[in-house]
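Colleague: What follows is a predicted protein model with its sequence.
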Amino acid sequence: MEERSRRDATSRDPTFIPRSQLLSSDDVARAVRRMAHEVIEHTRSVDELVVVGLQTGGVAFATRLAEVLGEITGREVRCGQLDVAFYRDDLARNPAPTPASTVIDHDLTDQTVVLVDDVLFTGRTVRAALNALTDWGRPRAVQLAVMVDRGHRELPIRPDFVGKNLPTSLDEAIVATLDGVWIGTKSAP
């Protein structure tokens, strides 16, 4: 693996030790474009669509998905970002979550919200996001788009749009960015 790719994989998580790159930036771009076409097929009206990226990994994917949706439809697609740190169910184990910003500039009532995240694992982050969304209105529908679905669900959560299914072992870790997707392991912090 070249040095730049290794830096890209570890810049998002310094405890991640990449073993190999599974998807290139071109592969990721194709997957995002395919998901955008699928979103359009399943959406009543782009005017009632809001793309919301989960902090931190889903924001870049949400922004890019909204841009591609705009390119395809010729209409601007609203995009926001959602921090779920204080909605998580593991605050007893991790009492000091690192908060990030939530930026949703409009009421989500009667809108179709596409939640976007980088990697779907246990489903607990998505559960927290569903709780957090209620602070911004009552969407008509919430759909889930993820770049990577790695399995190992602990909750009955299933993505509507998936860039790539990558079954993993519990000992493995995945880092997904617009620059690519890597598999590796976590080191002790």
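Modeller: Happy to help now that I have it.

Colleague: what does stretch 57-66 rub up against?
Modeller: Taking C-beta atoms under 8 Å, 6 or more residues apart in numbering as the criterion, the residues outside stretch 57-66 that touch it are 12, 32, 35-36, 39, 51-54, 77-81, 114-119, 145, 147, 176-178. For glycine as for every other residue, the C-beta is placed from the backbone atoms N, C-alpha and C.

Colleague: the helices in this structure, which residues?
Modeller: Ranges of helices in the chain, per DSSP state H, are 3-11, 25-41, 57-73, 124-133.

Colleague: Please identify the buried residues of stretch 27-36?
Modeller: 28, 31-33, 35-36 (16 or more other C-beta atoms under 10 Å).

Colleague: What confidence value was assigned to Pro14?
Modeller: Per-residue confidence for Pro14 comes out at a pLDDT of 80.

Colleague: Quick check on it: phi, psi?
Modeller: Its backbone dihedrals place Pro14 at phi -70, psi -10, with angles given as degrees, to the nearest 10.

Colleague: ok, back up a step: what's the closest of the helices of the chain to Asp110?
Modeller: Using C-beta to C-beta as the measure, helix 124-133 is the one of these that comes nearest Asp110, at 13.2 Å.

Colleague: got the angle between that closest one and helix 57-73?
Modeller: Between helix 124-133 and helix 57-73, the angle formed by their directions is 70 degrees, by axes from the mean of the first three to the mean of the last three C-alpha atoms, to 10 degrees.

Colleague: buried stuff in helix 124-133?
Modeller: Neighbour counts over helix 124-133 (16+ other C-beta under 10 Å) mark 124-130, 132-133 as buried.

Colleague: which intervals of the protein have sub-threshold pLDDT?
Modeller: Counting by pLDDT under 70, the low-confidence segments of the chain come to 1-12, 91-97, 189.

Colleague: do that again at 50, thanks
Modeller: Along the chain, the model assigns pLDDT under 50 to residues 1.

Colleague: Out of the buried residues of stretch 27-36, which is nearest to Asp160?
Modeller: Of all these, Met35 has the smallest distance to Asp160: 9.3 Å, by C-beta to C-beta.

Colleague: if I read this right, that closest one contacts Phe161, doesn't it?
Modeller: Yes - in this structure Met35 lies within contact range of Phe161 using C-beta atoms under 8 Å: 4.4 Å.

Colleague: Which neighbours do the two have in common?
Modeller: In terms of C-beta under 8 Å, 6+ apart, Met35 and Phe161 are both contacted by the residues Ala145.

Colleague: all strands in this structure, in order from the N-terminus.
Modeller: Using DSSP state E, the strands found in the chain span residues 16-24, 49-54, 78-82, 112-120, 141-149, 161-165, 173-177, 180-186.
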